[in-house]
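**Student:** what follows is a protein structure lacking sequence information:
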C-alpha cells in the first residue's frame, strides 16, 4: 500500500503557539486562544512549561494491542522520553536540557486531572474512539495538557493512542518491535512526537523534525532533529534549572487506581476540569486538522489525511 500522509493537528484556533524567532522553526504551546494565520505561530499568551525538575508518566494497564506487552511498551516509552532528556543545549554537549520524564510504573487511573487529589500522567491505548467530537476519525494519538491559565505552568499531561479493535475498526495498528508495514504506525515515532507536546512544544515546519505536522504511515522518524533540540532547549535550558530535587511525582501525588483522579466530561474523556490553585487549570484539546473545543480542554493530535 502506498504511504499515506499523517497530519498532526495544527494549533490554529484552539492552541496559541509562538515561533522561537527567525532562525528557528519550532513553536511553543501558549495559553492564548488567539488564532494565527495558517502556517504561522501567534505570539500571545504565556508559553507552557513544567516548572519543577521532573515529572513521571504511568502506563495504563488495560487495552494493550495484541502482540504488545507492558515490558515492550515500557521500553519504547522510555526510549521516547529519553530522546528528549539527552538533548545537549551547548556546542560542546556538556549542558543538557534539565527536564526529565521518568517512569512511574503502571496505573489503572484513566486520563484526566484532579486538582484536589492524586494524579497520573497516563499513556494509554484507547480501543474506543469517535465517541465524541474530540476523538475524530483518522486521529492516531492525542496529548492532553492541563495548565495554569495565568502562568502557563503545566499541571498534567496525558497521551491517548487510537488502537484498532473490534469496537474500533477505524483505529490504527502500532508497530513496536520491528519495521512498520506501510499501513502501520511506528509506535516510537508517535510517542516521541507526543512527548514533545507533553513538554510544551507545538509544531515545527522543518520536514525532518519529530515535531513536523505530517508523516507517512510506515515511516520512522523518532530521532530528534536540531530544530527539535533547539525547541526543547528554549523551554528547559540548563542555566534555568530550578532549585530543588527531582521527585518524579505528578501534582497531588501518584494515582495508581481509578479512584486517584476524577474523570469529568462526557464518555470519560475528561475534557473539563475543576478549579485549581493560582490562575485556574485549563487544558488544551486539539483534534485532528479540524479543531474542536470542549469546556476548557484542548488536545494535540496526530491524524491521517485520507485524501
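**Tutor:** In hand now; what should we look at? Predicted model, so just to flag it, every value in this text is computed and none were measured. Numbers count the residues shown, from 1 in each chain.
**Student:** most distant residue from the middle of the protein?
**Tutor:** residue 92 (29.3 Å; CA atoms, centre = their mean).
**Student:** quick check: nearest residue in space to residue 60, chain neighbours excluded?
**Tutor:** residue 124 (3.4 Å; CB to CB, 6 or more residues apart in numbering). C-beta coordinates here come from the backbone N, C-alpha and C atoms, glycine included.
**Student:** and residue 180, how many neighbours?
**Tutor:** 20 (other CB atoms under 10 Å).
**Student:** show me what contacts it?
**Tutor:** Shown in contact with residue 180 (CB atoms under 8 Å, 6 or more residues apart in numbering): 186, 217, 218, 219, 220.
**Student:** same deal with residue 56?
**Tutor:** Residue 56 neighbours (CB under 8 Å, 6+ apart): 101, 102, 103, 104, 121, 248, 249, 250, 254.
**Student:** could you pull out the strands in this protein for me?
**Tutor:** 5-8, 17-19, 27-29, 54-60, 100-107, 122-126, 139-148, 154-162, 174-175, 185-186, 214-216, 281-284, 299-304 (DSSP state E).
**Student:** hmm, residue 167 is touching residue 130, no?
**Tutor:** No: when contacts are counted by CB atoms under 8 Å, residue 167 is not listed as touching residue 130 (10.1 Å).
**Student:** next, the distance between the ends of stretch 238-251.
**Tutor:** End-to-end distance for stretch 238-251, by CA to CA, to the nearest Å: 23 Å.
**Student:** contact partners of it?
**Tutor:** 51-56, 89-90, 95-98, 100, 102, 104, 118-121, 155-156.
**Student:** those, buried ones only, as a ChimeraX selection?
**Tutor:** Entered in ChimeraX, the line below selects the buried ones among the contacts of stretch 238-251, by 16 or more other CB atoms under 10 Å:
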select :52,53,54,55,56,89,95,96,97,98,100,102,104,118,119,120,121,155,156
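**Student:** one step back: quick check, nearest of the contacts of residue 56 to residue 34?
**Tutor:** Proximity to residue 34 was ranked across those by CB to CB; first place goes to residue 121, at 27.4 Å.
**Student:** so what's that closest one up against?
**Tutor:** 55, 56, 57, 58, 104, 156, 157, 158, 198, 250.
**Student:** the same query, at a cut-off of 6 Å, please.
**Tutor:** 57, 157, 250 (CB atoms under 6 Å, 6 or more residues apart in numbering).
**Student:** comparing residue 167 and residue 130, which residue is more hemmed in?
**Tutor:** residue 130 (15 against 10).
**Student:** which residue packs closest to that one, ignoring adjacent ones?
**Tutor:** Distances taken as CB to CB, 6+ apart put residue 137 closest to residue 130, at 5.7 Å, once the chain neighbours are dropped.
**Student:** for the one you found, grab the count of nearby residues.
**Tutor:** 13.
**Student:** same thing with the one 4 residues further on?
**Tutor:** Number of residues near residue 141 (other CB under 10 Å) recorded here: 29.
**Student:** from residue 165, how far out is residue 93?
**Tutor:** 43 Å (CB to CB, to the nearest Å).
**Student:** when these two are compared, which one has more neighbours?
**Tutor:** In terms of neighbours (other CB under 10 Å), residue 165 is the more surrounded of residue 93 and residue 165; the figures are 17 against 10.
**Student:** mind listing what that one touches?
**Tutor:** Residue 165 touches residue 127, counting by CB under 6 Å, 6+ apart.
**Student:** pull up the gap between residue 119 and residue 56, please.
**Tutor:** Residue 119 is 10 Å from residue 56, by CB to CB.
**Student:** ok, and the closest non-adjacent residue to residue 62?
**Tutor:** Excluding its sequence neighbours, the residue lying closest to residue 62 (CB to CB, 6+ apart) is residue 108, at 7.2 Å.
**Student:** my read: the one you found touches residue 122, true?
**Tutor:** No: the criterion here is CB atoms under 6 Å, and residue 108 misses it with residue 122 at 9.7 Å.
**Student:** so which of these two has more stuff around it?
**Tutor:** Neighbour count, other CB under 10 Å: between residue 108 and residue 122, residue 122 has more, with 26 against 16.
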